[in-house]
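Q: Show me the folded form of this:
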Amino acid sequence: MGLTLSEFLPYRLNCLSEAMSQEIKPIYRDHFGLNRPEWRVLVALADLGTATAKDVGAHSAQHKTRISRAVRALEQRRWLTRESDPKDRRSEMLTLTAAGHRAYCDLVGPMRAQEAGILDRLSPEDRAALGTALSALENALGLSVAQPPE
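A: Next up, the predicted model:
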């Protein structure tokens, strides 16, 4: 029994994920000047509130190196602040600034509209089946949307 990439579920899901990312990329890149790790950190902090880089990494399924670079870039824009974690001096607490919250709010509408445009290409039945299948896979792998893999 061989392995054909085009029939291998992890490969197919990766290709779909990349295609979806390419569809939304013009929004965060062209309109906001962000790269993929930066917009994910921005949205993760909007979801989490104040959090450590480790928390952001777990929430956004990103490697710590990418998060570190994204944090620096967002800090330079004055979209987030860092403060020492009083419980652990080796860690920093990250928080969106007012400007960071505004950027996040400006990003949400276009991102949701692009997502809706992609989903509109599916029939209502296929959208429902997709949601069911994704939930089933997440459950089978012990994942939840709130806790992506590290």
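
Q: What is the end-to-end distance of stretch 72-87?
A: By Cα to Cα, to the nearest Å, the extent of stretch 72-87 from end to end equals 22 Å.

Q: Okay, helices next: where are they in this structure?
A: Assigned helices in the chain, in chain order: 9-26, 36-48, 53-60, 64-76, 98-119, 124-140 (criterion: DSSP state H).

Q: how far does the last one sit from the chain's center?
A: Centroid separation between helix 124-140 and its chain, computed with Cα atoms, centre = their mean, to the nearest Å, is 19 Å.

Q: tell me the angle of it relative to helix 98-119?
A: Counting by axes from the mean of the first three to the mean of the last three Cα atoms, to 10 degrees, helix 124-140 points 120 degrees away from the direction of helix 98-119.

Q: what packs against helix 124-140?
A: Applying 3 or more Cβ pairs under 8 Å, 6 or more residues apart in numbering; DSSP states H and E, we find helix 124-140 packed against no helix or strand. Every residue, glycine included, has its C-beta placed from N, CA and C.

Q: shaky segments in the protein?
A: Residues of the chain that meet the criterion pLDDT under 70 lie in 145-150.

Q: The residue most central in space within the chain and Met20: what is the separation?
A: Nearest to the centroid of the C-alpha atoms of the chain, with distances taken as Cα atoms, centre = their mean, sits Arg40, at 4.0 Å. According to Cβ to Cβ, to the nearest Å, Arg40 stands 13 Å off from Met20.
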